[in-house]
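Trainee: Structure for this input, please:
(2 chains)
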There are 2 protein chains.
Amino acid sequence: MGGLELGAKKTGVSRGVAVMDFILRLVAIIATLASAIAMGTTNQSLSFFTQFIRFRAKYSDLPTFTFFVVANSIASAYLILSLALSIFHIMKSGAQKSRAMLALLSAGASAAAAIVYLAHKGNTRTNWFAICQQFNSFCERTSASLIGSFGGMIVLILLILMSATSLSRP
Amino acid sequence: MGGLELGAKKTGVSRGVAVMDFILRLVAIIATLASAIAMGTTNQSLSFFTQFIRFRAKYSDLPTFTFFVVANSIASAYLILSLALSIFHIMKSGAQKSRAMLALLSAGASAAAAIVYLAHKGNTRTNWFAICQQFNSFCERTSASLIGSFGGMIVLILLILMSATSLSRP
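Mentor: Numbering: from 1, shown residues only, chains lettered A, B, ... in the order given. Modelled structure (predicted):
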């Protein structure tokens, strides 16, 4: 909508916006992909620490983390696809789908954040103890992974805001 | 954008869309407000059950549930405001803000869902035990509250889709 007029008066400003969009998309891909991989490869064995229980913490022990990995993978896959398509100028902005991705990412990241918070602090009322004293590497990794995902969300918000302003500018 | 032309050829179809929009907004308000209130008033005392620990489960014992109440309150406040404004025809669609609300609601609902899942099923690896055997009313209430929130999300998605199709129709 309005693509023809936009194409006709393609000034330096809109070219700058396009370059910025490209860079932001790259950053979002790296952030979401890195956090999916970081979470997906989290695996800590604790047999040396407590001899009586061979404890092993893996991301898939907590279903929430599995959802987190899936959500981040879908978001990064979408971003890679949208980047590839935007290089070949096949589709224009895809702000609609970016928003769906934002909702998905925020769902995954928030659910994982709730669990990571519990792992760090525990909860005395429900007798859920903090597990980060034992599983420090597990906790560090999942926390770092969260940062990547929330970073990806911020970049997506920037992308959506940018596409909104470029749409409202006739 | 295109508001004048739309206003000029206001047919029965667009009137139907407006009525539908109004009803959906009402449903979303009821859903989000009800789930905020249901969660916010959750409070279960268990002194009769286990004599040695005077146990009391309240929504504010879990920070995630506090976030859930805040997210739902903000979403319902926005929806009430948007409904009031749309009655007096002050602003048009507000699809942009609806999407921000969707991201916020999905964050709150997912984080709460992660905790409610844990309360129901527990997690043997991390020694977090299911608490729903003891706190059955607490669990029922928080679960019901989640349903309201996810219902509100679905209605918001419908609203956004409706506004997207009415925008693309010139």
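Trainee: Contacts only, for residue A:83.
Mentor: Taking CB atoms under 8 Å, 6 or more residues apart in numbering or on different chains as the criterion, residue A:83 is in contact with A:22, A:25, A:26, A:29. The way it works is simple: take the backbone N, C-alpha and C, and place the C-beta from them, glycine included.
Trainee: Let me know the secondary structure of the most centrally placed residue in chain A.
Mentor: Closest residue to the average C-alpha location of chain A: residue A:149 at 3.1 Å, with CA atoms, centre = their mean. Judged by DSSP: H, G, I helix; E, B strand; the rest coil, the three-state class of residue A:149 is helix.
Trainee: And it, how close does it get to chain B?
Mentor: 12 Å (CB to the nearest CB, to the nearest Å).
Trainee: Residue A:82 and residue A:101 touch, don't they?
Mentor: No - judged on CB atoms under 8 Å, residue A:82 makes no contact with residue A:101 at a distance of 9.1 Å.
Trainee: So which residues on chain A come close to chain B?
Mentor: A:1, A:55-57, A:61-64, A:96, A:99, A:102-104, A:106-115, A:117-119, A:123, A:125-129, A:131, A:160, A:164, A:168, A:170 (CB under 8 Å from any CB of the partner chain).
Trainee: Quick one: list the elements packing against the helix or strand harbouring residue A:117.
Mentor: Element membership of residue A:117, judged by DSSP states H and E, is helix A:95-121. Identification of packing neighbours for helix A:95-121 by 3 or more CB pairs under 8 Å, 6 or more residues apart in numbering or on different chains; DSSP states H and E yields helix A:63-87, helix A:136-168, helix B:63-87, helix B:95-121.
Trainee: Between those helices, which one is closest to residue A:14.
Mentor: helix A:136-168 (7.2 Å; CB to CB).
Trainee: Now do the buried residues in that closest one.
Mentor: A:138-139, A:141-143, A:145-146, A:148-153, A:155-157, A:159-160, A:162-163, A:166-167 (16 or more other CB atoms under 10 Å in any protein chain shown).
Trainee: related to what we said a few turns ago, out of the contacts of residue A:83, which is nearest to residue B:78?
Mentor: Nearest member of the contacts of residue A:83 to residue B:78, counting by CB to CB, is residue A:25, at 28.9 Å.
Trainee: That closest one touches residue A:160, doesn't it?
Mentor: No - with contact defined as CB under 8 Å, residue A:25 does not count as touching residue A:160 (11.7 Å).
Trainee: Identify the contacts common to these two.
Mentor: Contacts common to residue A:25 and residue A:160, judged by CB under 8 Å, 6+ apart, are absent.
Trainee: thinking again about what came up before, quick check: the residue nearest to the centre of chain A touching residue A:28?
Mentor: No - taking contacts as CB under 8 Å, residue A:149 lies outside contact range of residue A:28: 10.5 Å.
Trainee: which ones are touching the residue nearest to residue A:72 when sequence neighbours are not counted?
Mentor: Sequence neighbours aside, residue A:36 is the residue nearest to residue A:72 in space, at 3.7 Å (criterion: CB to CB, 6 or more residues apart in numbering or on different chains). Contacts for residue A:36 were tallied using CB under 8 Å, 6+ apart; they are A:68, A:69, A:72, A:73, A:76, A:145.
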